[in-house]
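Enquirer: Need coordinates for the following:
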Amino acid sequence: MTERASPRSSQHVGIVACSAEGASLCYRTLCVEGAQVLGEHDHPEVSMHTYPLAEYMRPIYRGDWNAVGDMMLSSAAKLKTIGAQFAICPDNTIHQGLDLVRDRSPLPWVHIAEAVAAEAKRCGYRRVALTGTKYLMEGPVYPPKFSAVGIELLVPSPEERQQLNRMIFDELVYGRFTDEALAYLQQVIARMARERCDAVALCCTELPLLIDEKRSALPTLDSTRLLARAALKRATGT
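Expert: Numbering: from 1, shown residues only. Sure, this is the predicted structure:
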């Protein structure tokens, strides 16, 4: 007879995934850093569901963010059936859909922009550069969260937004992290440092795989790991 595991004290985390690289980093962070809280080799129970990125992109291209949100709720419902107690999404862009349907969700959420804004406030930042997809940089996900904590956001120029968006969708989501892409992102961050930004928010969940604080002209707010850490804190009650 096998010994039964003792009841778990931490909550079951449901990951509503979108793009593979960012979701993988979030999952790894939850598991690896979970051991620092719960003990050797331990972490909260984690489940993940993802629709193909192509299925998300179809409504995004036509600007149907309600449909994006409905897909996220569908994932959350699937995760709830296998025991998830709250949900996270390691994809900044599609939070524009979540914000429209969150009140109908079968699970509570830890919101990525709220986690990043909270860390920016904790660090005392006053003016933050926002990087990510063009939908994210030009969209409504981050401004109200940062405004609520008294922090100004600055976005890259239109040309920079277009190039960053191309890099993300043509390279980073496929796991291609090139020296050329790194150099371009460094150039954008350095220019925004000259615009008196005191930090840069990496708000495509793949960007932290391309650049880290040692190679950035500004301190970085790593949205992927900050979300994972906020989920770990909620799951463990720490």
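Enquirer: domain ranges for the protein?
Expert: 13-111+226-236, 112-223 (automatic domain parsing).
Enquirer: Tabulate those (a markdown table), appending mean neighbour count.
Expert: Using the backbone N, CA and C atoms, a C-beta is placed for each residue, glycine as well. Supplementary listing: the domains of the chain in a markdown table, determined by neighbours: other C-beta atoms under 10 Å:
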| stretch | mean neighbour count |
| --- | --- |
| domain 13-111+226-236 | 19 |
| domain 112-223 | 19 |
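Enquirer: ok now do Glu45, which residues does it touch?
Expert: Arg8, Ser10, His12, Val13, Gly83 (C-beta atoms under 8 Å, 6 or more residues apart in numbering).
Enquirer: For the first one, report the pLDDT, please.
Expert: To tie it back to what came earlier, the one meant is Arg8. Per-residue confidence (pLDDT) for Arg8: 60.
Enquirer: And Val173, by the same measure?
Expert: Looking at Val173, the pLDDT reads 96.
Enquirer: Against Val173, how distant is the closest residue to Leu172 other than its chain neighbours?
Expert: Leaving aside its chain neighbours, Leu172 sits nearest to Glu206 (3.9 Å; criterion: C-beta to C-beta, 6 or more residues apart in numbering). According to C-beta to C-beta, to the nearest Å, Glu206 and Val173 sit 6 Å apart.
Enquirer: which residues do the two both contact?
Expert: Contact with both Glu206 and Val173 is made by residues Ser19, Glu21, according to C-beta under 8 Å, 6+ apart.
Enquirer: Report the rounded mean pLDDT for the top helix by length along the chain.
Expert: Secondary structure assigned by DSSP state H gives helix 20-38 as the longest helix of the chain. Across helix 20-38, pLDDT averages out at 96.
Enquirer: tell me which of the contacts of Glu45 is nearest to Thr238?
Expert: If you rank those by distance to Thr238 using C-beta to C-beta, Ser10 comes first, at 9.4 Å.
Enquirer: Name all residues that make contact with the closest one.
Expert: Leu38, Pro44, Glu45, Ala235, Thr236, Gly237.
Enquirer: host element of the nearest residue to Gln163 once chain neighbours are set aside?
Expert: In space, and not counting its chain neighbours, Gln163 is closest to Tyr184: 6.4 Å by C-beta to C-beta, 6+ apart. Taking DSSP states H and E as the definition, Tyr184 sits inside helix 179-194.
Enquirer: now what about that helix, what contacts it?
Expert: 129, 131, 154, 156, 160, 163-164, 167, 171-172, 200, 207, 210-211, 215-218.
Enquirer: Repeat the analysis, applying 6 Å as the threshold.
Expert: With C-beta atoms under 6 Å, 6 or more residues apart in numbering as the test, helix 179-194 has contacts from Ala129, Pro156, Glu160, Met167, Glu171, Val200, Leu210, Ile211, Ser216, Ala217, Leu218.
Enquirer: Under a three-state scheme, what state does the third one occupy?
Expert: If I follow you right, that is Glu160. Under DSSP: H, G, I helix; E, B strand; the rest coil, Glu160 falls in the helix class.
Enquirer: how about the strands in the protein?
Expert: Remark: strands assigned in the chain by DSSP state E are 13-17, 46-50, 86-88, 127-131, 152-154, 199-202, 220-222.
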